[in-house]
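Asker: Need a 3D model of the following:
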Amino acid sequence: MTKFHYFLLFILFAYTANAQNDITVKGTVVDINTQLPLEQATVYFTTVKDSTIIEYATTDKNGDFRINMRKYDKPVFMKVNHLGYQVYYEEQKALIENKDFGKVYLLETVNALNEVVIKTEAAPITIKKDTLEFNAASYKVRPDSNVETLLKQLPGVEVDNNTGKVTVNGREVTQFLVNGRTFFDKDGAIALKNLPADIIKKIQVSDFKTKKEELSKQESTSDYSSINITIDEKKNKGFFGKIIGGYGSDERYESSAILNFFKNKQKISVLASSNNINSTGFSQDEVFDNMGGGRNSKGNSQGSVSGKGITQSNLVGINYSDDWTKDLEFMSSYNFTNSINKNESKSSQTNFLPTGNILTDSDSKSRNENTGNKVNFEVEYKINPTMNLVVSPKLNESRSNSNSSSSTSSEDQNGQALNESTSQSSGENSSTNFSNSINFNKAFEKQARNFSLVFTNNNTRSDANSFNLSETIFYQDNKPNDERNQNTKNRSESDSYSLDLEYTEPITDSLRVRFGSDFDWANSLNDEKAFNYNAATDSYSDLNQSLSNYTTSKQNAITPKVGITLQKNKFTVNLNSKTSIIDYDNHSLYLNNVTDLNKRYALPFGSAQVRYRFSRSKNLTFKYDYSNALPTSEQLMPVLDLTNPLNTVIGNPDLNPIEKNSASIDFKNFDFRTRSGYSLFVKGDYYNNDVVSTSIYDESGKRTTTYANISGTYIASVGANWNQSIKKDAHVLRYGLGISGSYSFDKGYTNAQIYNAKTTSVTPKVYLTYEYGQLLVISPSYSLSYNQANYENYSRDASSNVVHKINLQTTTYWPENLIFGNDFGYNYNSNISGDFKKDFYLWNTSLSYGFFDKKIYAKVKVYDILNQNQSATRTISATSIRDEENTVLKRYIMFSLSYKVGNFASSEKKNRGRQRGGGF
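Answerer: The predicted structure is shown next:
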């Protein structure tokens, strides 16, 4: 037997040994006056001595609760909590045998409010209308844990160890707020790893709402969730933070700091980061700090790990929020970013033709530097009890410079050379963007009657200056070679404005009608001039008119709309319809020829959503959406684009708008009693008049590309996930299964012949996390990704690829003050071409020791111990197969120190840790 089998037997033995000490308690919670059962009441047991929570459950639709728990030979309280009812107490001298409490009667509180739960003690879980609230003190975490660790303890909450994605009862969380405010960026995910758990009082989960829905108190139409992290009032004054610095082999380094200053409603947070280990945002993982790979390879905007090349990044940010008066709230943030990416890439691509294929090999080397300054503000003003105004301006300024060199060669399926090219380029770009949104809402005396106004604008100015020295050699049909030594200057402007007016009138308590109109204005300008090098003057002074173009595009739209909402206790129906009347004007000046293309459209839109709630944590959602989208100006204008020597592009003025029909069914269910849940979804998109590119290749492999409408393409996707959490004393086991799949049907034209591609993708996964108290965490996972494409009217009939990914994460917190973490991953890519390695291992390790009450940690980390890391990928599309490999970080060792600062007394932290220790 393997060591893994012995490990499983050990866990099984541990559970079996404890089974004889288990008992079951049950009962039914009812209203004392109506005798009706109460669903979602929280039933929990605490010790009489210090109120430590022993176990809890929530009642089902019949008011029943059933709790499997360990025998407890000491006095305990049974407590029952429900919105609008007085807390029920019952003392038991001990719980050493199965017990049926029968009917437990709750007395309604006379002055109960929808927003208030009257109680003398916080329950582990409280349900307030549309919000699920967790009492942080009821859940056991290490005293030095962050918010992400706390979230993992909450029933129904899952944090993916590899991607960092957070879901609650199967719904993805896309917004994290701190005391109801954004924290640095829009999604606020930076708070998860950088706020300590021991200052948190509540975790509140609700449906994600737009600012318009929030102000008008409309129900959410989103499929996503939002989490609000509320800070304990006792910890709402003072400062805390963490500083990290490290240096290692190959001149690798990392440094980061976050400092938070809280004073009641006023909050100021400052962060900074600098490293050259591919961490392009801000992350302070407790085990690996900023090191990428494994558990820290998150894709969020504040902790991403670059996938191509090696990136040196710098970041400075500040976030400020305050209530200036009781009616005026203010929030602002500033971020400075700078990154330098260096990459060497090679690729091998096969483009399918009706007869034969074209094989292209490419090599490139690049350096890109980006510098940005971003300022965000949000002001919310309560004009009076019925009127609210929110203004959110944003300013973003960025600059970039780049240089690259590349070489490409193409041949046919017989190995006959078609073309080759070399290129050296450099460029600078500067861009300024200003955007703003104004949300105004007026509520009237009649409930649910309101008027909303939303105005948005987006204004961008950019300038680019680039140099290109290239040569393209054609080996067939005596085509002349293409040689370029040019300077290209580009100026572009883009302005868009949108006004959304909507009035809501309640017909009955459950039926509301909405009507209004959208007004949209959009203008864009692109002025590009290319200059050839003049040897006589040693300057770029000869205007190349064939590569110069001046274009403008304008869209004006008026969109009247109407909607109906029917909201009952168990279900909500939303129906929306609108028609967009659009003026679409495009202009081009190319080779001294003026081209004007003016079109008028009347485009219908419609949507329907039905959401049925079987219970608080069990719901079914159906959505249908019909929409139209206009082709872009580039796709429409019959003007040559000769930028790429191997691909001449021209638009098609006869394109029709794209029609899209989408339908989806989503079912989610979570059982708080068993800590298990599952979710299912089915989604389909069907297109009429989809815009596809069509290419004709000549004998040298050069393309001429235009665009065409094609109907009957579609994509269908399905997915399912199941997870469960089990706890026995110090043992916690979380595990789950998931599968997702898709089937797509694509059509297009190559060499004037229609092709179709049927692509199937299936990705199953299995994952598990085992925790032993505060000493050990083990998280293995496995996923498989299978992709197959079948082609018609191509020289190739089919292609497929299988990718296996195995990951094992372990963390130990023993002996005291010592943290030992390992991330081990294995990737296998089955059908990648012979020029690329099919598999590799990535093993990272970290060992740290805490000093001075764990305020200082000394750490040694090794990235890619086996020195096997690589980035080789295969991409299968409807027209090609592409294998690509890019530069990646290789093995390095790093020594670092981290220091926690704060004015919270250490004894206070210890007491909080003991309180959480009694949780579950």
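Asker: okay, CA-based contacts and neighbour counts for the rest of this
Answerer: Will do.
Asker: and the nearest residue to Gly902 once chain neighbours are set aside, how many neighbours?
Answerer: Using C-alpha to C-alpha, 6 or more residues apart in numbering and skipping residues adjacent in sequence, the residue nearest Gly902 is Phe240, 3.8 Å away. Residues contacting Phe240 under the criterion other C-alpha atoms under 10 Å number 19.
Asker: mind listing what's buried in stretch 441-456?
Answerer: Across stretch 441-456, burial judged by 16 or more other C-alpha atoms under 10 Å covers 441-443, 448-456.
Asker: For the residues you listed, work out which two are farthest apart.
Answerer: Across those, no pair lies farther apart than Ala448 and Thr456, at 24.5 Å, counting by C-alpha to C-alpha.
Asker: which residues of the chain fall in helices?
Answerer: In the chain, helices defined by DSSP state H lie at 3-19, 147-153, 190-194, 211-216, 633-636, 906-917, listed in chain order.
Asker: name the helices or strands packed onto the third one?
Answerer: Of the remaining helices and strands, those touching helix 190-194 by 3 or more C-alpha pairs under 8 Å, 6 or more residues apart in numbering; DSSP states H and E are helix 147-153.
Asker: Run the chain-centre distance for the helix it packs on.
Answerer: 18 Å (C-alpha atoms, centre = their mean, to the nearest Å).
Asker: now do stretch 439-451
Answerer: The answer for stretch 439-451 is 33 Å, by C-alpha atoms, centre = their mean.
Asker: Now the terminal residues of that stretch, how far apart.
Answerer: 11 Å (C-alpha to C-alpha, to the nearest Å).
Asker: Inside strands: which ones of the buried residues of stretch 441-456?
Answerer: Per DSSP state E, strands hold the following members of those: 441-443, 450-456.
Asker: Show me what the residue nearest to Gly902 is bridged to.
Answerer: Asn260, Gly902 (DSSP bridges).
Asker: what is the mean pLDDT for stretch 738-746?
Answerer: The average pLDDT within stretch 738-746 is 96.
Asker: what ranges do the strands span in the stretch 201-350 of the chain?
Answerer: 225-231, 237-248, 253-263, 266-275, 310-325, 328-352 (DSSP state E, counting those that start in this stretch).
Asker: Out of these, which gets nearest to Asp482?
Answerer: strand 328-352 (22.1 Å).
Asker: helices or strands up against that closest one?
Answerer: strand 310-325, strand 357-384, strand 880-886.
Asker: Gln175 - how many residues pack around it?
Answerer: Gln175: 21 neighbours (other C-alpha under 10 Å).
Asker: distance of it from Ile582?
Answerer: Taking C-alpha to C-alpha as the measure, Gln175 falls 34 Å from Ile582.
Asker: thinking again about what came up before, the helices and strands packed on strand 328-352 into a markdown table, with extra columns for mean pLDDT?
Answerer: Output for the helices and strands packed on strand 328-352, formatted as a markdown table (pLDDT from 0 to 100):
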| stretch | mean pLDDT |
| --- | --- |
| strand 310-325 | 94 |
| strand 357-384 | 96 |
| strand 880-886 | 93 |
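Asker: Adding mean neighbour count and distance to Leu525, write those strands out as CSV.
Answerer: What follows is the helices and strands packed on strand 328-352, written out as CSV (neighbours: other C-alpha atoms under 10 Å; distance: least, C-alpha to C-alpha, whole Å):
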stretch, mean neighbour count, distance to Leu525
strand 310-325, 20, 32
strand 357-384, 18, 23
strand 880-886, 19, 33
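Asker: could those strands go into TSV alongside distance to Ile893?
Answerer: Formatted as TSV, the helices and strands packed on strand 328-352 follow (distance: least, C-alpha to C-alpha, whole Å):
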stretch	distance to Ile893
strand 310-325	16
strand 357-384	25
strand 880-886	22
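Asker: Compare those strands and give me the one nearest Lys342.
Answerer: The nearest among those, by C-alpha to C-alpha, is strand 357-384 at 4.6 Å.
Asker: partners of the closest one in the sheet?
Answerer: strand 328-352 (antiparallel), strand 387-412 (antiparallel).
Asker: among the ones you listed, which is nearest Leu897?
Answerer: Here strand 328-352 is closest among these (C-alpha to C-alpha), at 23.8 Å.
Asker: those strands in the stretch 501-650 of the chain, which residues are they?
Answerer: 511-534, 539-567, 571-590, 593-615, 618-629, 641-644, 647-649.
Asker: May I see those arranged in CSV, with distance to Asp839 as well?
Answerer: CSV is the format used below for these (distance: least, C-alpha to C-alpha, whole Å):
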stretch, distance to Asp839
strand 511-534, 45
strand 539-567, 44
strand 571-590, 49
strand 593-615, 45
strand 618-629, 41
strand 641-644, 35
strand 647-649, 34
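Asker: could those strands go into TSV alongside mean neighbour count?
Answerer: Below are those laid out as TSV (neighbours: other C-alpha atoms under 10 Å):
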stretch	mean neighbour count
strand 511-534	18
strand 539-567	18
strand 571-590	18
strand 593-615	15
strand 618-629	17
strand 641-644	14
strand 647-649	19
